[in-house]
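# Quick one, fold the following:
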Amino acid sequence: MGRGRHAVLLARAGFHTFGVDVKLDPLVSACAAARNDGVAIHPWCADLTQHPLPAARFDLVVVTRYLQRDLFDPLRRTVRPRGFVLYETFTTAQRALNTGPKSADHLLEPGELRARFDVAGWTTVFYEETREPEALARVVAVRGN
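Residues are numbered from 1 along each chain as shown. Now for the predicted structure:
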């Protein structure tokens, strides 16, 4: 969740908002930002490889500027039927811009994000890859019944 930029926005929009981060300090900052905006968010300080997400728990999962490939299956499983994933992160084309992540561990290959949701039970509603001003892949996918 980081410092809660998206979580606070979702809470202001009326979502019952949970956020996960492996580091405590950003979660504390996110909760303070939410309180300052008059909303509440529910932080969870956890390493999701050690403490798995619950199955079929969330209507919407938002991931931005973060890539941990072994979490794609758990992310898909934690979404309820007819729920959505909104995912955006950097692609390998970001290297040419000389900013942001450089490691292959943190950069999607072309078409990789689409392929992660081109699986049984999921439908891609929106997909794009940009090259400027940042090289990003974005997907909105919905889980079927």
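# The longest strand anywhere in the chain packs against which elements?
Longest strand in the chain, counting residues (DSSP state E): strand 79-90. Counting contacts by 3 or more Cβ pairs under 8 Å, 6 or more residues apart in numbering; DSSP states H and E, strand 79-90 is packed against strand 58-64, helix 72-78, helix 112-117, strand 136-143. From N, CA and C alone the C-beta is placed, and that goes for glycine too.
# Make JSON lines from the ones you listed and add mean pLDDT and distance to Asp47 to it.
Shown next, in JSON lines, are the helices and strands packed on strand 79-90 (pLDDT from 0 to 100; distance: least, Cβ to Cβ, whole Å):
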{"stretch": "strand 58-64", "mean pLDDT": "97", "distance to Asp47": "16"}
{"stretch": "helix 72-78", "mean pLDDT": "97", "distance to Asp47": "12"}
{"stretch": "helix 112-117", "mean pLDDT": "98", "distance to Asp47": "21"}
{"stretch": "strand 136-143", "mean pLDDT": "98", "distance to Asp47": "24"}
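# In TSV, list these along with mean neighbour count and distance to Ser29.
Conversion of the helices and strands packed on strand 79-90 to TSV gives the following (neighbours: other Cβ atoms under 10 Å; distance: least, Cβ to Cβ, whole Å):
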stretch	mean neighbour count	distance to Ser29
strand 58-64	17	16
helix 72-78	17	24
helix 112-117	19	28
strand 136-143	20	24
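# could these go into CSV alongside distance to Val28?
Putting these into CSV (distance: least, Cβ to Cβ, whole Å) gives the following:
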stretch, distance to Val28
strand 58-64, 20
helix 72-78, 24
helix 112-117, 30
strand 136-143, 28
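# Contacts for the longest strand of the chain, please.
The contact list for strand 79-90 (Cβ atoms under 8 Å, 6 or more residues apart in numbering) reads 56-67, 75-76, 100-101, 106-108, 113, 116-117, 125, 134-145.
# change it to 7 Å
56-67, 75, 100-101, 106-108, 113, 117, 134-145 (Cβ atoms under 7 Å, 6 or more residues apart in numbering).
# so who does the residue nearest the centre of the chain touch?
In the chain, the residue lying closest to the centroid (Cα atoms, centre = their mean) is Val63, at 0.8 Å. The contact partners of Val63, by Cβ under 7 Å, 6+ apart, come to 75, 87.
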